[in-house]
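Chemist: Structure for the following, please:
(one chain, ligands or ions: 4)
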Amino acid sequence: MTKRIEDILEGITYQLIQGDLSVEIDHLQLDSRKVEEKGLFIAVKGSEADGHQFIPKAITQGAVAVVCEDLPEDLIEGVTYIQIEHTGKAAGHLASAFYDHPSRKLKLVGITGTNGKTTTVMLLHQLFRKMGYNAGVLSTIENKINETIIPTKLTTPDAVTINALMAEMVKANCTHCFMEASSHAIVQERIAGLSFDVAIFSNISHDHLDYHGTFPEYIKAKKKLFDQLPASAHALVNADDRRGAIMLQNCKAKHHTFALKSMADFKGKLVDNTFEGLLMEIDQKEVWFQLIGDFNAYNLLGVYGAAVLLGEPSDEVLTVLSEIRSADGRFEQIISPENVRAIVDYAHTPDALENVLKTIQQLRIEGERIITVVGCGGNRDKTKRPVMAKTATTYSDLVVLTSDNPRFEDPEEILNDMMEGITPVTERKVSKVVDRKEAIKIACQMAQPNDVILVAGKGHETYQEIKGERYPFDDREILKLALKK
Ligand SMILES: CC(=O)N[C@H]1[C@@H](OP(=O)(O)OP(=O)(O)OC[C@H]2O[C@@H](n3ccc(=O)[nH]c3=O)[C@H](O)[C@@H]2O)O[C@H](CO)[C@@H](O)[C@@H]1O[C@H](C)C(=O)N[C@@H](C)C(=O)N[C@H](CCC(=O)O)C(=O)O
Ligand SMILES: Nc1ncnc2c1ncn2[C@@H]1O[C@H](COP(=O)(O)OP(=O)(O)OP(=O)(O)O)[C@@H](O)[C@H]1O
Ligand SMILES: N[C@H](CCC[C@H](N)C(=O)O)C(=O)O
Ligand SMILES: [Mg+2]
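Modeler: Ligands and ions are numbered 1, 2, ... in the order given. Sure thing, here's the model as predicted:
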């Protein structure tokens, strides 16, 4: 695709510093290392680096134009320089225009919240695919255009990647796209310029305070998705979360709610909950779903509400939804021949861990023990570490504290932070095993018939990230082998 720079500047306040706006570009790029001939480089100030530093490198790589906030001291001849106040935000608008506004051609659903985003978008994608639509999804696990998988490393990609993927979706005749809007992405304006039809709020609890600083700032980040909705869009929030109402304050879109406890437009009533699924009454109908735990009832209600708001017949939505299984690594169960039930779950926040453990407590048969294997990620919110360790000991009979993705931190130090949540009384339940594979094996050795093992934190991940390298690692594979022995 080729465009003139002037064709993508509509609606943006800019200043042409040098060069020519009729110059043709064939790609936009935020990362100097990936710029090629005929590229437009957008310099963004990030948390690790300042993209402005890499302008010379981008030009050497082939950039013919540069969008920046600060002007470089030396302007290179023949290159077009455009100054814009907030390049991070402008990136979304520029990318949208470059790709002919693909989000406007799709029914776009965005979801924000601490937990449940991936589950919700993956359910929506499966639901709409099964109802016969072409559809795309942007999620933590992977991006998908219909059934074609495009691997990803971020929950919400950068603005250029989002729009490029949506343009591919349009090309593949997709009518719908379902995407996670992470709080990092919202604050960094990765979603600026997107045209949402429905925005969903799942819940908010402790996470990412390293990045957002305070809880009110974290709430504000989530709210920003709703603040920017147009009147024609739908805002759908969980009314049982007291921050749901905050999302709707001053939100121009049409307001809708879902809930199990409060009054709501999409109201569910849990009738039964087992290790095989849950029975919920929605709109006077009792429907069996293959997802487990009260928290998943919320995800199902969000999905149901969004589908109905998009104009789908409620009966069909419920029928198809009942045939769908949860996303990979979310309450995924492996049962050994001795009837040890192992559960792999992506719970990596205190609230998620508590929900999953409470669900297991509720569903297990009296006398069956719960053995939890859990760690916390490195270079992420440190304050959740002792809380997660405490949660694990509160709801489990035995706990093996271990590593998650240590990233650039010392795994021993992470474990020491987690140990702060252990008291002399709970200490007897706890073992510390740095090597996650060993930790899982030990949990399996400890398990007796009918015990439940929860391996939390990494869910679908097929790697362990240590010092910038991703090594093959899959909780499910390790469990399957260990349970055989
Ligand atoms: C803290 C954070 O969110 N960082 C993300 C952010 O980086 P940043 O804006 O801080 O970028 P930076 O590294 O400071 O660099 C600034 C600019 O210089 C550019 N650069 C940098 C180096 C270079 O050689 N050349 C160059 O041009 C970069 O492309 C960038 O545009 O934007 C980058 C591009 O989109 C992301 O890759 C990067 O994700 C890092 C790897 C990350 O770990 N992010 C996590 C925390 C994250 O965002 N997670 C959320 C999910 C959370 C959840 O699911 O709950 C997500 O949305 O995935
Ligand atoms: N609605 C919910 N409320 C509370 N906890 C939930 C909910 N849905 C899922 N969980 C728990 O949170 C974990 C993560 O779920 P999911 O991957 O759907 O969330 P996410 O918001 O996409 O997370 P991330 O921010 O890492 O992308 C699940 O494995 C489960 O333990
Ligand atoms: N999207 C979350 C995922 C955390 C997953 C967990 N396994 C970890 O590495 O901490 C994050 O980037 O903080
Ligand atoms: Mg996710």
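
Chemist: For this structure, what lies in contact range of ligand 2?
Modeler: 113, 115-119, 140, 155, 180, 202-203, 295, 298-299, 330, 345-347, 351-352, 355-356, 459 (C-beta under 6 Å from any ligand atom). The way it works is simple: take the backbone N, C-alpha and C, and place the C-beta from them, glycine included.

Chemist: Kindly identify which of these also come near ligand 1.
Modeler: Counting by C-beta under 6 Å from any ligand atom, 140, 155 from those sit close to ligand 1.

Chemist: Of the residues of the chain next to ligand 2, which belong to helices?
Modeler: Under the assignment DSSP state H, these contribute 117-119, 295, 298-299, 351-352, 355-356 to helices.

Chemist: Once you drop chain neighbours, what's closest to residue 483?
Modeler: Once flanking residues are discounted, residue 483 sits nearest to residue 336: 4.0 Å by C-beta to C-beta, 6 or more residues apart in numbering.

Chemist: Where do the helices of the stretch 51-200 of the chain begin and end?
Modeler: 55-61, 87-98, 117-130, 159-171, 183-187 (DSSP state H, counting those that start in this stretch).

Chemist: let me fix that: the stretch 301-450 of the chain
Modeler: Secondary structure of the stretch 301-450 of the chain (DSSP H, counting those that start in this stretch): helices located at 314-321, 350-363, 384-395, 411-419, 436-446.

Chemist: and these, which is most packed in?
Modeler: Ranked by mean neighbour count, those are led by helix 384-395 with a mean of 23 (mean count of other C-beta atoms under 10 Å).

Chemist: Contact partners for the closest residue to residue 69 other than its chain neighbours?
Modeler: Leaving aside its sequence neighbours, residue 69 sits nearest to residue 87 (C-beta to C-beta, 6+ apart; 5.2 Å). Residues counted as contacts of residue 87 (C-beta atoms under 8 Å, 6 or more residues apart in numbering) are 42-45, 51, 67-69.

Chemist: ok, now which ones touch residue 409?
Modeler: Residues in contact with residue 409 (C-beta under 8 Å, 6+ apart) are 378-379.

Chemist: let's see it at 10 Å
Modeler: Residues counted as contacts of residue 409 (C-beta atoms under 10 Å, 6 or more residues apart in numbering) are 376-380, 382, 403, 417, 466-467.

Chemist: By neighbours, which of the residues you listed wins?
Modeler: Neighbour counts for those (other C-beta atoms under 10 Å) peak at residue 376, which has 28 neighbours.

Chemist: Report the contact partners of it.
Modeler: Applying C-beta under 10 Å, 6+ apart, we find residue 376 in contact with 348-349, 382, 384-389, 401-406, 409, 411, 414-415, 417-418, 457.

Chemist: for the chain, what helix or strand is lowest in average pLDDT?
Modeler: Here the helix or strand of the chain ranked lowest by mean pLDDT, DSSP states H and E is helix 209-212, holding a mean of 88.

Chemist: would you list the ones in helices among the residues of the chain next to ligand 2 in JSON lines and tack on pLDDT?
Modeler: JSON lines is the format used below for these (pLDDT from 0 to 100):
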{"residue": "117", "pLDDT": "98"}
{"residue": "118", "pLDDT": "98"}
{"residue": "119", "pLDDT": "98"}
{"residue": "295", "pLDDT": "96"}
{"residue": "298", "pLDDT": "98"}
{"residue": "299", "pLDDT": "98"}
{"residue": "351", "pLDDT": "94"}
{"residue": "352", "pLDDT": "96"}
{"residue": "355", "pLDDT": "96"}
{"residue": "356", "pLDDT": "98"}
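
Chemist: which residues touch the residue lying farthest from the centre of the chain?
Modeler: Distance from the centre of the chain peaks at residue 77, with 42.5 Å (C-alpha atoms, centre = their mean). By C-beta under 10 Å, 6+ apart, the contact set of residue 77 is 18-19.

Chemist: what about it, distance to residue 159?
Modeler: 29 Å (C-beta to C-beta, to the nearest Å).

Chemist: Check residue 358 too.
Modeler: Taking C-beta to C-beta as the measure, residue 358 falls 38 Å from residue 159.

Chemist: How about the closest residue to ligand 2 within the stretch 151-300 of the chain: what's its closest non-neighbour residue?
Modeler: Minimum separation of the stretch 151-300 of the chain from ligand 2 (C-beta to the nearest ligand atom) falls at residue 295, amounting to 3.7 Å. Sequence neighbours aside, residue 355 is the residue nearest to residue 295 in space, at 4.5 Å (criterion: C-beta to C-beta, 6+ apart).

Chemist: For the protein, which residues are neighbours of ligand 4?
Modeler: The chain comes close to ligand 4 at residues 117-118, 140, 155, as judged by C-beta under 5 Å from the ion.

Chemist: can you redo those residues as TSV with neighbour count?
Modeler: Putting these into TSV (neighbours: other C-beta atoms under 10 Å) gives the following:
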residue	neighbour count
117	26
118	25
140	22
155	19
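
Chemist: Let me have the residues you listed in CSV, extended by distance to residue 363.
Modeler: Shown next, in CSV, are the residues of the chain next to ligand 4 (distance: C-beta to C-beta, whole Å):
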residue, distance to residue 363
117, 24
118, 22
140, 26
155, 29
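
Chemist: mind listing what residue 385 touches?
Modeler: Neighbour list for residue 385: 350, 375-377, 401, 413-421 [criterion: C-beta under 10 Å, 6+ apart].

Chemist: again, only using 7 Å
Modeler: Contacts here follow C-beta atoms under 7 Å, 6 or more residues apart in numbering; on that basis residue 385 touches 376, 414, 417-418.

Chemist: who's in contact with the closest residue to it other than its chain neighbours?
Modeler: Nearest residue to residue 385, sequence neighbours excluded (C-beta to C-beta, 6+ apart): residue 417, at 4.0 Å. Applying C-beta under 7 Å, 6+ apart to residue 417 gives the contacts 382, 385-386.

Chemist: separation between residue 417 and residue 212?
Modeler: For residue 417, the distance to residue 212 (C-beta to C-beta) stands at 19 Å.

Chemist: before we move on, the earlier item: minimum distance to residue 230: which of the helices of the stretch 51-200 of the chain has it?
Modeler: Nearest to residue 230 among the helices of the stretch 51-200 of the chain is helix 87-98 (14.4 Å), distances taken as C-beta to C-beta.

Chemist: how about whichever residue of the chain sits closest to ligand 3, what does it touch?
Modeler: Nearest to ligand 3 in the chain, going by C-beta to the nearest ligand atom, is residue 377, at a distance of 2.0 Å. Residues counted as contacts of residue 377 (C-beta under 7 Å, 6+ apart) are 348, 404-405, 407.

Chemist: Can I have the buried ones of those residues as a ChimeraX selection?
Modeler: To isolate the buried ones among those in ChimeraX, judged by 16 or more other C-beta atoms under 10 Å, type:
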select :348,404,405,407
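
Chemist: any weak-confidence spans in the stretch 251-400 of the chain?
Modeler: Scanning the stretch 251-400 of the chain for pLDDT under 70 picks out nothing.

Chemist: try 90
Modeler: 365-367 (pLDDT under 90).

Chemist: can you give me the strands for it?
Modeler: 254-259, 266-273, 278-282, 285-289, 332-335, 341-345, 370-374, 398-401 (DSSP state E, counting those that start in this stretch).

Chemist: JSON lines please, covering those strands and showing distance to ligand 3 and mean neighbour count.
Modeler: As requested, the strands of the stretch 251-400 of the chain are exported to JSON lines (distance: least, C-beta to the nearest ligand atom, whole Å; neighbours: other C-beta atoms under 10 Å):
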{"stretch": "strand 254-259", "distance to ligand 3": "24", "mean neighbour count": "20"}
{"stretch": "strand 266-273", "distance to ligand 3": "26", "mean neighbour count": "16"}
{"stretch": "strand 278-282", "distance to ligand 3": "25", "mean neighbour count": "20"}
{"stretch": "strand 285-289", "distance to ligand 3": "25", "mean neighbour count": "16"}
{"stretch": "strand 332-335", "distance to ligand 3": "15", "mean neighbour count": "16"}
{"stretch": "strand 341-345", "distance to ligand 3": "11", "mean neighbour count": "26"}
{"stretch": "strand 370-374", "distance to ligand 3": "10", "mean neighbour count": "26"}
{"stretch": "strand 398-401", "distance to ligand 3": "14", "mean neighbour count": "25"}
